[in-house]
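S.K.: With the sequence up front, the predicted model follows.
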Amino acid sequence: MSLLEEWESGTLSWGVAAPGSSQSAPVASAEASTAGRSTADFFSLSTVERQISRGRGQITAIAAANDTVVVGTSRGFVIRYDIAQSTTPVIEVELSKASDAQFGGIFLDPSGHHVLVNLRVSGSSELHYLHSKWKKPRLLSKLKGTDVTAIAWHPKDTNAVSTGPMLVGSETGGLHELALEERERKEKTWRLLADLPAPQLGPGMPAASSSTGPLGSPVRGLHQQELPGGGILVLVSTPARLYVLASQQPPPDGTSSLEALFAAPLGDPRTGNNFIDMPGGVGLGQLQVFVPPGASALPRFAWLTQQGVFQGALQPRPASAPRTPLDFLEDRSLLPFQDRANQPCDIAMTQFHYILMHPDSLRMVNRVSQKNVQTLSLASAPGSTQGMTTDAASTTVYLYKDEALLEVAIDDEERSMWRTFLDRGDFPNAFRHCRSQAQRDQVSLAEADAAFDNGEFKAAAALYGRIAKGPPSFEEVALKLVEAGASDALQTFLQTRLENLSSDDKVQATMVATWLTELWLDRINRALLEEGGEAGEEHQSLTAQLRAFLAKYVETLDAHTTSALLASYGRIDDLVHFATCRQDSETVLEHLVQQGQAHRALAVLRRPSTSPELHYKFAPALMAQVPGEAVEAWLAVQPPLDPQRLLPALLRYGEPHSAPRGRAQALRYVQHCLNHLGTTDQPVHNLAVALLSLDVDETELMDHLNAAKDSLGSPLYSPQFALRVARQQGRRQASVALLCQLGLFEDAVEEALGFDVELAMVMANRPQDEPSLQRKLWLSIAKYMIAQQPQKGAGSQADQSIKRINELLREAGGLINIEDILPLFPDFVQIDDFKEAICQSLEEYNQQIEQLKTEMDDATRIADALRRDLASIGRRTATLDLAAPCARCKRPLSASPAGKPLPHGLGPGLPPFYLFPTGNCFHGACLAAEVLSLVRGPKLDCIMQLLQALSSEVEIQVGGIMAPGQLPSKLVDLRKAVEKEIAYEDPFCGEFLLGHVQRPFILPAEEKEARSWAL
């Protein structure tokens, strides 16, 4: 059976192994492939340069790499272009002037620095090497006669100065290793690696031969790439066979990778499955390898054969250990030609398409759908030349046609690949190539329907959940899963839908999350029932998942609804967890306190995010359960808590029957507030009094009462409250002190007499500013002590009592005497017992009498001195210069006052001037005017009336002015009355001076002038 018959019958073998390729489909015609789909704009031809050969003949060979294009012409010229810069040639070299010179191929390394040109002249071949820095090529003499048809550049060692180890194939099937250096004139390495066996043209047909012997299979394509671990993978293509050679280990020292790889004979089945046979023609066998940009996908290869395009992917890391080199080829398939009579002559690869060159057209075939998507016409004339090459760096496909250079422009060939993969049922790749949510929804829907039809409900639910918009609706999918009885799938659908909802779908997200919560709770209950009511592993696992779900969607779930749902299922711990996730510390604390877990509640309160308000709210409950730990927590809060707001939790411990442990902790906190926080709040101090009063020992209570005062000495606590508490608890010493603070000295002394007379004496001395009260207090003490005196005949006890009363008199400091207390004694008391006290009292009286006599003598002498001073004042005189200025108007006293200081009609009858002991002198009218300006109210009216009366009286008298001896008595009386009001003191130095304080700086008469100075 021929290879073609094997292919048509489906028994075509790969090497000696069974076929592992996927099912292939013929390439349809262009008209059928483009029907109903707009793909005509995927590819187009654009002209790069119409005369790229620059008149040197037609283009017969081309190579491109790294934006560099090298062409060979029919006249033996090699022209190099830097397409990225311009279409002006960089180098133009004439290799041969022979008329029969032909280019067998031009090979350009991926960096664009090294060019190898195969030139056929007079039936022989020669290889020329041209570096990008050279102006002239170099003939490689060792390769003379070798018709080079393919070169595989080293993927790593090729650089600007060295080609690295190249794999070179020839027309006769020879495989050589070649290495060149820019600076060396000779070949660095040149060795024969292997000879391919001669092709078999068919059963019973001889192998090809020449006059020198049989010919090997011509090499049409080569590719080499590194494998992980230092190995190497090589592909060799001929018209009828594709060799795959691989070595996963680094070569031995002193041996190159290629030399080690070709150590075994090629094509020998005993060496392993390392080739694939395919019926081929003479002109076919080209090999193309496409490396996706960024290495996001595996490199793909295409082998052009007579039957079609054999394609696949190069996998450097197979899933399982490769048994043969063919295991490095994945996704192998044959894309057969429908019209075998119209065979392509060349092939180029893009990411998703093959560009097949025919003499009159270019056909673009989608490698996934295996359909012809577009055809571009190439008008050809007899004798014209054409060919293709690919720039692997820029993935640009160049086409030459006679003397012109064209580019196959690619316009977003990926845009409809999602539909192509979807039609083939390749859902992962279809989803990967979607560009919009609508496309992703279509892919998810198709995949979900397929999974549901296959009974894979959970997978289908996850896919349905990814659909954002469009049919089916949320309700249809949910009902569909419910009718199928797939509760787990329903939960998966809801979970996926929730994860894919946008932030704008808050209502639906809340609904779905709530439904999911109920499904989780139902599963947990069912697991608990299946485990006999005990929490097993499944129950614990589901609980953990529920809590993770609540934590993740805490912002989505409605707090009230979710809390009610958890409570209805009795999931109190989960309810606490949910509240914790919401940072609802109040709810957490409520449940923890209700369950008596005070330590956990305090841990929540210690969190920095917890509001201080919660300390106040839960203080009573925590103080009742763990008073010591609660106080520790309060002391650790910064800034400190407000003690007044914690009083409701502490007041109960001020009662007599409160728990001693809690009382001690309450006192500890209150003392911290007083001693460290400096609290001055009266309620806190009152609580301190209440707590301290419960202690039998009054030392601390008295210390607090004495110390708790402000800077003015006022108590910081309420004395009334403290007195009431002290009396209730029987703290008599504190009661006495508090009575004194309230000014109830009589009650304080009375209280002190009940248990300590010495304390009563101290209290009696407290009212220092009220001697009469002190006397009364001392008398009450004396009365008490006399009342406590034993009856007559008690002997030494009576003597001791008399002695104490004598001491009382001395302690009183003279406030009471023996005569004050004698009436208090009974009649049988002998006066001899108080002889000393009576004598002392008499001596004190004598001293007082003598002191009074001394004081009366001093008073008599002072009165005599005053009488003498008053008598001398009437005879006092002073000398006055009439040129002295008036203190008010500054004019001399001999001159009249400036202006009219007094109103019209006032002033006659006044003396011409006044002189005061201070040295100030005034005109009579000026003095009256000054006093009038300083007085107010009734005094002003009085002075004005006196001045008017004086003026009237003067007018009555003849002449208005009279000598002093001629003044009538009424006029003299009026003048004295006026002088008594205006001249009893200097208006600039006496009480009148206070009137100047109220005088404005600007008088009303000066306001007009002041306004004239305003800015």
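M.R.: It's in.

S.K.: which sections of the stretch 501-650 of the chain are below the confidence cut-off?
M.R.: For the stretch 501-650 of the chain, applying pLDDT under 70 flags the ranges 532-535.

S.K.: Please apply the same query to the stretch 201-350 of the chain.
M.R.: The stretch 201-350 of the chain contains residues with pLDDT under 70 at 201-215, 267-273, 280-283, 295-296.

S.K.: tell me the mean pLDDT for stretch 861-873?
M.R.: Averaging pLDDT along stretch 861-873 gives 82.

S.K.: Same question for stretch 85-101.
M.R.: Stretch 85-101 carries an average pLDDT of 86.

S.K.: and the end-to-end length of that stretch?
M.R.: Stretch 85-101 has an end-to-end distance of 31 Å (Cα to Cα, to the nearest Å).

S.K.: Residue numbering should commence at 802 henceforth.
M.R.: Happy to do that; since the first residue is 802 now, the last one works out to stretch 886-902.

S.K.: mind listing what's buried in it?
M.R.: For stretch 886-902, a neighbour-count test (16 or more other Cβ atoms under 10 Å) marks 890, 892, 894, 896-897, 902 as buried. For glycine as for every other residue, the C-beta is placed from the backbone atoms N, C-alpha and C.

S.K.: Please identify which of those residues is nearest to F1723.
M.R.: Nearest to F1723 out of these is P890 (Cβ to Cβ; 124.8 Å).

S.K.: Can you report phi and psi for that closest one?
M.R.: Main-chain torsions, P890, degrees, to the nearest 10: phi -60, psi 140.

S.K.: can you pull out the helices in the stretch 1252-1401 of the chain?
M.R.: Remark: helices assigned in the stretch 1252-1401 of the chain by DSSP state H, counting those that start in this stretch are 1258-1266, 1275-1284, 1288-1301, 1307-1331, 1338-1353, 1360-1369, 1373-1382, 1386-1395, 1399-1406.

S.K.: out of the ones you listed, deepest packed?
M.R.: helix 1258-1266 (a mean of 23; mean count of other Cβ atoms under 10 Å).

S.K.: Dump the helices of the stretch 1252-1401 of the chain to JSON lines, plus distance to L1200.
M.R.: Below are these laid out as JSON lines (distance: least, Cβ to Cβ, whole Å):
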{"stretch": "helix 1258-1266", "distance to L1200": "44"}
{"stretch": "helix 1275-1284", "distance to L1200": "51"}
{"stretch": "helix 1288-1301", "distance to L1200": "46"}
{"stretch": "helix 1307-1331", "distance to L1200": "55"}
{"stretch": "helix 1338-1353", "distance to L1200": "56"}
{"stretch": "helix 1360-1369", "distance to L1200": "67"}
{"stretch": "helix 1373-1382", "distance to L1200": "64"}
{"stretch": "helix 1386-1395", "distance to L1200": "74"}
{"stretch": "helix 1399-1406", "distance to L1200": "75"}
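
S.K.: before we move on, the earlier item: among the buried residues of stretch 886-902, which lie within strands?
M.R.: Assigned to strands by DSSP state E, the following of the buried residues of stretch 886-902 qualify: 890, 892, 894.

S.K.: circling back: kindly reformat the buried residues of stretch 886-902 as JSON lines containing distance to L1804.
M.R.: Below are the buried residues of stretch 886-902 laid out as JSON lines (distance: Cβ to Cβ, whole Å):
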{"residue": "P890", "distance to L1804": "110"}
{"residue": "I892", "distance to L1804": "111"}
{"residue": "V894", "distance to L1804": "117"}
{"residue": "L896", "distance to L1804": "123"}
{"residue": "S897", "distance to L1804": "127"}
{"residue": "A902", "distance to L1804": "129"}
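
S.K.: so which of those would you say is closest to Q1534?
M.R.: Among these, I892 lies closest to Q1534 (Cβ to Cβ), at 119.0 Å.

S.K.: Kindly state the beta-bridge partners for that closest one.
M.R.: When assigned by DSSP bridges, I892 has beta-bridge partners R881.

S.K.: so how far is H915 from it?
M.R.: Taking Cβ to Cβ, to the nearest Å as the measure, I892 and H915 are separated by 13 Å.

S.K.: ok, now H932?
M.R.: H932 is 6 Å from H915, where distance means Cβ to Cβ.

S.K.: more crowded one of the two?
M.R.: Legend: neighbour count by other Cβ atoms under 10 Å for H932 and H915, higher for H915 (26 against 19).

S.K.: Which residue, other than its chain neighbours, is closest to the more buried one?
M.R.: Leaving out its chain neighbours, the residue that sits closest to H915 by Cβ to Cβ, 6 or more residues apart in numbering is T964, at 5.0 Å.

S.K.: Pull the contacting residues for the one you found.
M.R.: The contact partners of T964, taken as Cβ atoms under 8 Å, 6 or more residues apart in numbering, are 910, 915, 954-955, 979-982.

S.K.: what's the answer for Q1152, then?
M.R.: Contacts of Q1152 by Cβ under 8 Å, 6+ apart are 1091, 1093, 1196, 1214-1215.

S.K.: For those residues, pick the one with the most neighbours.
M.R.: These, ranked by neighbours (other Cβ under 10 Å): first place F1091, 19 neighbours.

S.K.: give me every residue that touches it.
M.R.: Counting by Cβ under 8 Å, 6+ apart, F1091 has contacts 1100-1103, 1150-1152, 1193, 1196.

S.K.: mind redoing it with 10 Å?
M.R.: F1091 is in contact with 1098, 1100-1103, 1149-1153, 1155, 1168, 1191, 1193, 1196, counting by Cβ atoms under 10 Å, 6 or more residues apart in numbering.

S.K.: ok, back up a step: ok, the contacts of T964 vs M1564, which is closest?
M.R.: Nearest to M1564 out of the contacts of T964 is H955 (Cβ to Cβ; 114.3 Å).

S.K.: Which strand or helix spans that closest one?
M.R.: Following DSSP states H and E, there is no helix or strand that holds H955.
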